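>>> Could you look at this predicted model? Sequence included:
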Amino acid sequence: MKYAKDTRPKPVSSRTAEVLVEALPWIKNITGKTVVIKYGGSAMIDGRLRTDVMNDIVLLKIIGVNPVIIHGGGLAITDAMNKFNIPVEFKDGQRVTTDEAMEVVRMVLMGKVNQELVEAMNEHGNLAVGVSGSDAGTIMAEQKSPELGRVGRISRINSGYLEDLIDADYIPVVASIAMGEEGGYYNVNADLVAGHIAAAIGAHKIVFLTDVDGLYEDFDNKDSLISNLTMFEAQYMVENSVVSTGMIPKLQSCIAALDAGVFRAHIINGTTPHALLLELLTNTGVGTTLHSTEESCTFDAHPLGNFASKLIENRQRPILMGDLRTP
Ligand SMILES: Nc1ncnc2c1ncn2[C@@H]1O[C@H](COP(=O)(O)OP(=O)(O)O)[C@@H](O)[C@H]1O
Ligand SMILES: CC(=O)N[C@@H](CCC(=O)OP(=O)(O)O)C(=O)O
């Protein structure tokens, strides 16, 4: 008689099993809930990493989460504009978008980035559906200001199509292109799109995957990563220029989403392997969590004005992860 020899590596670590067990309450809590994931162009640094992020999203889908992806692609748009010799200019973090540039934005976001993300997820089955914000009038916009050209300010979200896709068990992958109230297309910052959509569909959480570990109190001091803050503190940071360009629309979006009833907003590093799973399914989490729970804040009074002198003190307040990180 010949039996199969045990050639498995030894010892088999029980840590792997512990991780799964640790995830159990998180999985139980998040199953059936909608999580908006904003995937920034700055985090799409190579194909391998992008595939890993898409695999993590498929895993979330398989355990019963309803992920909705909103993607950017700012760096890819800039590359393409350079190739076409179209001048690249930003004003207050918004790309000046001529009619010609708008063509490139559509081509890159819908034709390239969107379809690459859809394809990566559909390796695992027919799960993902690419959506331009103009499809079914999902994202409607008006011109933000004449000097920015075809940059849109979101006027409304028609969430019916996204909700139908979620109900049909698909993962919507939304490009940040809006349909004009007066016709045509608009280029909209993808962070702002994510916040509006999370609010409109009543998402449970919104997660920003970017190229930094989270929100820093002082971006030049890498020891100043903020583990958690209230939406009021975030508002203070935006209004007092504590954050700059890329982080401003993220915080604005987090605030808008929390204000609309989204439970948590997270800013995490999309270039760290499996950051999404670590944030959503483990006890410690990663990055920066924003919440609307005033009680967990040590300030005497809200909002804004009184915060200036309190912000430093806030950094010394007890770590609230215990309170915040319940599944
Ligand atoms: N206080 C801050 N903490 C963290 N990042 C900040 C802060 N202020 C500005 N940033 C910038 O925000 C950037 C992320 O935004 P952005 O480049 O628009 O990325 P994405 O493509 O993910 O939207 C970071 O790379 C960083 O340079
Ligand atoms: C008006 C405006 O600036 N739109 C952005 C849209 C893409 C985007 O937001 O991409 P990230 O998430 O990678 O930054 C742009 O043209 O770059």
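Cool, the structure landed. Ligands and ions are numbered 1, 2, ... in the order given.
>>> Need the pLDDT of T326.
Looking at T326, its pLDDT stands at 72.
>>> ugh, wrong one, P9
You'll see P9 listed with a pLDDT of 73.
>>> residues near it, how many?
Applying other C-beta atoms under 10 Å, we find 6 other residues in the vicinity of P9. Backbone N, C-alpha and C define where each C-beta goes, glycine included.
>>> How about the one 10 residues further on?
Counted by other C-beta under 10 Å, the residues lying close to V19 total 13.
>>> Kindly report the same for V53.
24.
>>> need the contact list for it.
Counting by C-beta atoms under 8 Å, 6 or more residues apart in numbering, V53 makes contact with 39, 43, 209, 270, 276.
>>> if we go to 10 Å?
Shown in contact with V53 (C-beta atoms under 10 Å, 6 or more residues apart in numbering): 37, 39, 43-44, 69, 117, 120-121, 209, 270-271, 273-276.
>>> for D220, helix, strand, or coil?
On the three-state scheme (DSSP: H, G, I helix; E, B strand; the rest coil), D220 is labelled coil.
>>> For this protein, which segments count as strands?
34-39, 66-71, 90-91, 94-95, 128-132, 139-143, 152-157, 171-175, 177-180, 185-187, 205-210, 228-230, 264-269, 288-291 (DSSP state E).
>>> Can you check which of those strands gets nearest to ligand 1?
With C-beta to the nearest ligand atom, the closest approach to ligand 1 among those belongs to strand 205-210: 3.3 Å.
>>> how about the closest one, does it reach ligand 2?
No. For strand 205-210, no contact with ligand 2 is found by C-beta under 6 Å from any ligand atom; the gap never falls below 8.1 Å.
>>> Mind checking which of the contacts of V53 are in helices?
Among the contacts of V53, the members falling in helices (DSSP state H) are 117, 120-121, 275-276.
>>> Any part of stretch 174-188 near ligand 2?
Yes. For stretch 174-188, a contact with ligand 2 is found by C-beta under 6 Å from any ligand atom, at 176, 187-188.
>>> Any residues of the stretch 51-200 of the chain in contact with ligand 1? List them.
So far as C-beta under 6 Å from any ligand atom goes, the stretch 51-200 of the chain lies against ligand 1 at 72, 74, 191.
>>> okay, now the first one: neighbour count?
Burial measure for G72: 26 neighbouring residues, criterion other C-beta under 10 Å.
>>> ditto for I206
I206 has 31 nearby residues by other C-beta under 10 Å.
>>> so it touches V68, yeah?
Yes. The pair I206 / V68 is scored as a contact, 9.4 Å apart, by C-beta atoms under 10 Å.
>>> Next, the contact list for the closest residue to Y216 other than its chain neighbours, please.
Nearest non-adjacent residue to Y216, counting by C-beta to C-beta, 6 or more residues apart in numbering: S224, 4.9 Å away. If you count contacts by C-beta under 10 Å, 6+ apart, S224 has them with 215-218, 315.
>>> This completes my enquiry, with thanks.
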